[in-house]
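Asker: Structure for this input, please:
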Amino acid sequence: MSIEVVEYNGIKYAEIIWANARVDKTTFYSPAESSFQFGLLAHEAGFVEPPHYHKAVSRTIDDLQQMFVVQRGVVVVDLFGDDGEKLREIEMGPGDAIVLIHGVHAIRVLEDMQCISVKQGPYLGEENDKVFVDVKNDSSL
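Answerer: Next up, the predicted model:
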């Protein structure tokens with residue numbers, strides 16, 4: 001499976017784009033109304049996109065999604081439900097990517113890692129960005 005949706009009780013918690021994902025044409029996986037757009041760009045050799053820029057449009061964003069793309073190493077992303085129960089443990093290696101859409105998450109580094117991390121800004125400092133949460137039955141944190 002090259003693209004995987006992690007969903008529990010009708011709520012989408014994450015989408016994983018595994019390193020082996022291949023598409024023949026550009027494919028976006030996020031719904032058009034999502035505040036965070038992600039997908040895979042794919043074009044045949046010789047394709048040229050004309051010079052352009054993206055229009056500045058005011059947007060209201062009420063959620064904060066985050067995407068990790070593993071460049072090197074191994075990292076585990078733990079996903080937790082709103083009740084603090086662990087829903088899923090996802091081990092990721094180079095080339096794997098995950099979009100964290102909903103819920104509590106934690107990371108554990110198994111091998112020295114480097115990831116590209118992308119999320120909406122502006123960054124308001126850790127005290128305004130993160131809410132640390134006690135979770136159930138997880139001795140690894």
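
Asker: The residue most central in space within the chain and residue 65: what is the separation?
Answerer: By C-alpha atoms, centre = their mean, the mean C-alpha position of the chain lies nearest to residue 99, the distance being 1.5 Å. As judged by C-beta to C-beta, to the nearest Å, residue 99 and residue 65 stand 6 Å apart. Where you see a C-beta, it was placed from the backbone N, CA and C, and this is true even at glycine.

Asker: so what's in contact with these two at the same time?
Answerer: Common contact partners of residue 99 and residue 65 (C-beta atoms under 8 Å, 6 or more residues apart in numbering): residue 36.

Asker: Please enumerate the helices of this structure.
Answerer: Assigned by DSSP state H, the chain shows helices spanning 126-129.

Asker: Can you show me the strands along it?
Answerer: 3-8, 11-17, 27-28, 39-40, 66-80, 86-92, 97-100, 104-119 (DSSP state E).

Asker: Now do the same contact list for residue 134.
Answerer: Neighbours of residue 134 in contact, by C-beta under 8 Å, 6+ apart: residue 84.

Asker: Okay, now the unreliable bits of this protein?
Answerer: 1, 137-141 (pLDDT under 70).

Asker: again, only this time at 80
Answerer: Applying pLDDT under 80 to the chain picks out residues 1, 122-123, 126-131, 137-141.

Asker: if we can go back for a sec, my guess is the residue nearest to the centre of the chain contacts residue 35, does it?
Answerer: No. Look at residue 99 against residue 35 with C-beta atoms under 8 Å: they stay out of range, at 11.4 Å.

Asker: shared neighbours of those two, anything?
Answerer: residue 65.

Asker: So which residues lie in contact with stretch 110-124, not counting its own?
Answerer: The contact list for stretch 110-124 (C-beta under 8 Å, 6+ apart) reads 35-36, 61, 64-76, 91, 129.

Asker: neighbours around the residue nearest to residue 73 when sequence neighbours are not counted, how many?
Answerer: Excluding the flanking residues, the one nearest residue 73 by C-beta to C-beta, 6 or more residues apart in numbering is residue 113, at 2.9 Å. Residue 113 is flanked by 17 other residues according to other C-beta atoms under 10 Å.
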